[in-house]
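Enquirer: no FASTA, just this:
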């Protein structure tokens, strides 16, 4: 019999103390296929074989969930028959957001069934009371057995089903404990088939590993229609709901929320939220950068601090909200192509407001902010910069430049340094300066 890892699904013909796939200790178990000989035939939904030209696909009627940020993230609302895998770190607010969504759907659309395998009904009620979830069409069940969950679905006939979480759900007919690889596959497949047959929308809450990925086999992610993460720091009140897979819309979309005592509150204008008081005088080491999260442009403030080490210790390189490896590349580009020697200085960078950005359009802003702090001179006027910087010093184009410029102008930016290779749009009231190399960009920047 083969052995399979309960954490990542890696298969092996022999047992290992440590999984070769994910590195977890004592996670390989023997896979026994007791029902292989007499397993019944499993069909999807009984669809007949047809030519693709004979299939009539009408317009998909999306159902708004009542939270505009979530609707935009999903591409316009919930799709009947869609399955959403919802993940996030413990305590980040997954259950709170789903309970808010359940209350909104129960008030506006129809019955919602919230099944909790980790909390009792009383615990769910305490959270519901805190966020004001009191609809009579919101039903709660504390259960872990799959067959009882399916019986509850038949009884309630909900429009939306929420299972919190899939790792605690077990099918008594399948060997293994809840959360094992085989249980996850069978339970997920059963709930997905039930969702398609009933035409409802199902949210499956999934646990997250320490690396930030969904726990369990990748098979579950392949089966679902949408996969979204709720991200954020426990020390900050900002939460980012990020889409990493969406069969019904664009991927890499984000929705921004703020955690409050009454639950998660939507932030419909993230740029103003992250900038805060934007009328304060310009400071050395500060520059505005229009970043792109999914299809949404967000204007953020990038801050840098360059401080001499005094000859003691190894110079520090620290950043918050940026990719540290990318920052180190930009510092090397400055040394090589701008003749700026900061090898003996500590460099700290941060995105104000707690936003976490991984796109390369911040490269030009990183260089400008570091140089501003190094010279201790603020950038003149309300200036912003965007562009990817190559290792040879060239400034490369970025996606959706026009949308970035429009967002910057709306928030009072008067001058933008952008890649010349991009098609430069004309924005009324905004001076757009195109540059080809990083040395040109620094020359174009005016310092007070």
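Expert: Cool, got the structure. This is a predicted model, so every value here is computed, not measured.
Enquirer: distance between the ends of stretch 99-116?
Expert: 11 Å (Cα to Cα, to the nearest Å).
Enquirer: surely residue 146 is in contact with residue 163?
Expert: No: between residue 146 and residue 163 there is no contact, the gap being 9.7 Å when judged by Cβ atoms under 8 Å. Quick note: C-beta positions are derived from backbone N, CA and C, even for glycine.
Enquirer: would you confirm that residue 354 belongs to a helix?
Expert: No: using DSSP: H, G, I helix; E, B strand; the rest coil, the secondary structure at residue 354 is coil, not a helix.
Enquirer: how does the chain divide into domains?
Expert: Following the assignment in automatic domain parsing, the chain carries domains at 1-34, 61-268, 273-444.
Enquirer: of all the ones you listed, which lies closest to residue 50?
Expert: Taking Cβ to Cβ, domain 61-268 is the member of the domains of the chain nearest to residue 50, at 17.2 Å.
Enquirer: in a markdown table: the domains of the chain, plus mean pLDDT and distance to residue 51.
Expert: Output for those, formatted as a markdown table (pLDDT from 0 to 100; distance: least, Cβ to Cβ, whole Å):
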| stretch | mean pLDDT | distance to residue 51 |
| --- | --- | --- |
| domain 1-34 | 78 | 36 |
| domain 61-268 | 90 | 22 |
| domain 273-444 | 90 | 35 |
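Enquirer: just put those in a markdown table and tack on distance to residue 49.
Expert: Converted to a markdown table, the domains of the chain look like this (distance: least, Cβ to Cβ, whole Å):
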| stretch | distance to residue 49 |
| --- | --- |
| domain 1-34 | 29 |
| domain 61-268 | 18 |
| domain 273-444 | 38 |
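Enquirer: related to what we said a few turns ago, residue 146 and residue 163: who's more crowded?
Expert: Comparing residue 146 with residue 163 by other Cβ atoms under 10 Å, the one with more neighbours is residue 163, at 26 against 22.
Enquirer: now do the contacts for that one.
Expert: Counting by Cβ atoms under 8 Å, 6 or more residues apart in numbering, residue 163 touches 115, 117, 149, 169, 191, 202, 203, 204, 205.
Enquirer: neighbouring strands - and their directions - for the helix or strand that contains the first one?
Expert: Think residue 115. Per DSSP states H and E, residue 115 falls inside strand 112-116. Strand pairing for strand 112-116, determined by DSSP bridges: strand 138-142 (parallel), strand 160-164 (parallel).
Enquirer: run the chain-centre distance for the last one.
Expert: By that I understand strand 160-164. Remark: strand 160-164 is offset 20 Å from the chain centroid, using Cα atoms, centre = their mean, to the nearest Å.
Enquirer: the first one now?
Expert: What separates the centre of strand 138-142 from the centre of its chain is 28 Å, taken as Cα atoms, centre = their mean.
Enquirer: I'd like the next helix or strand past that strand.
Expert: Per DSSP H and E, the first helix or strand lying C-terminal to strand 138-142 is helix 146-156.
Enquirer: got a list of contacts for that next one?
Expert: Outside helix 146-156, the residues that reach it (Cβ under 8 Å, 6+ apart) are 111, 113, 115, 139, 141, 143, 161, 163, 169-172, 187, 190-191, 194, 198, 200.
Enquirer: how far off strand 138-142 does it point, in degrees?
Expert: Here helix 146-156 runs at an angle of 160 degrees relative to strand 138-142 (axes from the mean of the first three to the mean of the last three Cα atoms, to 10 degrees).
Enquirer: now do the same end-to-end measure for stretch 372-391.
Expert: From its first residue to its last, stretch 372-391 covers 21 Å (Cα to Cα).
Enquirer: give me the buried positions along that stretch.
Expert: Of all the residues in stretch 372-391, those buried under the rule 16 or more other Cβ atoms under 10 Å are 372-374, 377-379, 382-389.
Enquirer: ok, residue 364 - how many residues close by?
Expert: If you count neighbours by other Cβ under 10 Å, residue 364 ends up with 29.
Enquirer: same thing with the one 4 residues further on?
Expert: Residue 368 is flanked by 28 other residues according to other Cβ under 10 Å.
Enquirer: ok, it - contacts?
Expert: Residue 368 makes contact with 287, 379, 385, 417, 441, 442, 445, according to Cβ under 8 Å, 6+ apart.
Enquirer: nearest residue to residue 14 other than its sequence neighbours?
Expert: residue 3 (6.8 Å; Cβ to Cβ, 6 or more residues apart in numbering).
Enquirer: try residue 73
Expert: Leaving aside its chain neighbours, residue 73 sits nearest to residue 255 (4.4 Å; criterion: Cβ to Cβ, 6+ apart).
Enquirer: which other helices and strands does the helix or strand containing that neighbour contact?
Expert: Assigned by DSSP H and E, residue 255 belongs to strand 254-260. Contact here means 3 or more Cβ pairs under 8 Å, 6 or more residues apart in numbering; DSSP states H and E; on that basis strand 254-260 packs against helix 68-74, strand 238-246, strand 263-266, helix 270-275.
Enquirer: how about CSV for the ones you listed, with mean neighbour count added?
Expert: As requested, those are arranged in CSV below (neighbours: other Cβ atoms under 10 Å):
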stretch, mean neighbour count
helix 68-74, 20
strand 238-246, 20
strand 263-266, 18
helix 270-275, 19
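Enquirer: dump these into JSON lines; add distance to residue 410 as well.
Expert: JSON lines is the format used below for the helices and strands packed on strand 254-260 (distance: least, Cβ to Cβ, whole Å):
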{"stretch": "helix 68-74", "distance to residue 410": "18"}
{"stretch": "strand 238-246", "distance to residue 410": "21"}
{"stretch": "strand 263-266", "distance to residue 410": "19"}
{"stretch": "helix 270-275", "distance to residue 410": "8"}
